[in-house]
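Trainee: Let's see this in three dimensions:
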Amino acid sequence: MNPTRRRFLAGLSVLAVAPVLAACGSDSEGGTAGSGSSSPAASGGPEEGAFPVTIKHKYGETTIEKAPERVVCLGLTDQDTLMALGVVPVGITYWFGDEKLQGVYPWAQDYLGDAELPTVLKDTNGVELEKVASLAPDLIIGAYSGLTEQDYKKLSGLGVPVVAQNGDYADYGTPWEEAALMLGTAIGQPKAAQELIDGAKQLIADGAATHPEFKGQTAAVATPYEGLFLYGPEDPRSRLLTDLGFDLHSLITDADDSEFGVSVSAERASDLGDVGVAVWFDLASVKQVDTLFQGTTAGKEGRWMDISEADGSFYVAHSFVTPLSIPYTLERYLPMLAAAADGDPKTEVPSPAA
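Mentor: Numbering: from 1, shown residues only. The predicted model follows:
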């Protein structure tokens with residue numbers, strides 16, 4: 001899968017992000033540079049013995065000598081962990097959702113403190129090198145990203161530490177726990193980051209324990225894009241489902257090279273007829289896929305939900321999967337999954353409160 005297509009599919013469906021792509025062509029700068037100041041929730045700065053630290057990534061190793069103060073995030077969700085640890089980045093990479101929020105969504109807004117909102121970067125045409133340089137960063141990091149080797153080399157030419165995504169996984173496929181730990185380590189707070197991770201993992205475990213009916217049922221996250229695209233086992237959204245007890249549907253697991261996801265023809269929507277729960281992005285946007293799935297057993301039994309832009313911040317939170325977004329997501333997602341998983345068409349899947 002080419003990097004551009006993978007970057008696109010890390011988001012949602014083509015119809016869902018079309019307005020976003022149009023916005024990316026505008027001349028708006030999206031905000032002013034953040035001050036790099038800490039929020040009131042700051043953990044107290046770098047931990048003893050945290051520096052220097054060397055971090056391995058897809059393109060080698062990067063050594064960070066001291067605690068950074070001006071961090072630029074190239075990862076699509078990296079800002080959440082940094083803000084939870086008291087570091088507001090000076091630049092974030094826009095993904096989707098309300099651009100006016102400048103990457104600080106409802107689940108993270110309490111951590112902004114008195115810092116300025118980050119400058120918004122856009123990577124639809126590659127990394128904005130000059131804009132990154134203008135922010136005078138002392139750390140550039142892309143934990144949840146698909147940074148290319150060419151862009152990595154260009155950024156390294158700025159003379160500051162650059163940390164790319166984990167090379168052990170598909171681009172945009174680094175587990176949220178590992179991305180969070182990488183980010184915490186880069187700013188000298190690995191223990192604090194691990195505490196954040198443990199807290200979010202406990203919430204997921206509690207959710208699974210509260211809903212034992214999830215265990216053994218199959219699930220799939222899918223969107224009508226160029227036929228039908230199903231998110232694979234390395235995608236954070238799929239991982240959240242398996243962490244809650246579900247197994248991924250065989251349409252995903254039986255495919256070759258399905259780590260990031262599987263592309264099949266629209267007609268294969270009928271193959272999801274035996275799924276325990278189908279989590280759709282914008283199902284109604286493509287009539288053929290919608291009609292085929294609705295005619296299946298799973299469709300008739302109400303074993304599905306359709307997450308769309310109308311769901312507001314939940315639309316974004318469900319895809320972020322970070323220590324900050326997970327509590328926000330689970331509060332809304334668990335009742336939806338439970339309603340869909342019971343197989344009773346009379347049980348209405350609740351709408352998430354945006």
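
Trainee: gap between Thr63 and Pro161?
Mentor: Computed as Cβ to Cβ, to the nearest Å, the Thr63 to Pro161 distance reads 7 Å. (Each C-beta comes from the backbone N, C-alpha and C, glycine too.)

Trainee: Could you check which of the two is surrounded by more residues?
Mentor: More crowded of Thr63 and Pro161, by other Cβ atoms under 10 Å: Pro161, with 21 against 10.

Trainee: what's near enough to touch the more buried one?
Mentor: For Pro161, the contact set (Cβ atoms under 8 Å, 6 or more residues apart in numbering) comprises 62-65, 68, 138-140.

Trainee: Now for these: which two are most distant?
Mentor: Pairwise distances across the contacts of Pro161 peak at 14.6 Å for Glu65 and Ile140 (criterion: Cβ to Cβ).

Trainee: Which one's more surrounded, these two?
Mentor: Ile140 (28 against 10).

Trainee: pretty sure Ile252 is touching Val264, no?
Mentor: No: between Ile252 and Val264 there is no contact under Cβ atoms under 8 Å: 9.8 Å.

Trainee: any shared contact partners between these two?
Mentor: Leu230.

Trainee: In terms of neighbours, single out the busier of the two.
Mentor: Per other Cβ under 10 Å, whichever of Ile252 and Val264 has more neighbours is Ile252, with 23 against 17.

Trainee: Leaving out sequence neighbours, find the closest residue to that one.
Mentor: Leu230 (5.1 Å; Cβ to Cβ, 6 or more residues apart in numbering).

Trainee: do Glu65 as well
Mentor: Pro52 (4.8 Å).

Trainee: Any figure for the gap between the one you found and Ile140?
Mentor: The value you get for Pro52 to Ile140, if Cβ to Cβ is used, is 17 Å.

Trainee: Kindly report the same for Ile204.
Mentor: Distance from Ile204 to Ile140, by Cβ to Cβ: 30 Å.

Trainee: And Thr62, by the same measure?
Mentor: The value you get for Thr62 to Ile140, if Cβ to Cβ is used, is 9 Å.

Trainee: who touches both of the two?
Mentor: 161-163.

Trainee: residue contacts, Thr185?
Mentor: Thr185 neighbours (Cβ under 8 Å, 6+ apart): 50, 53, 55, 193.
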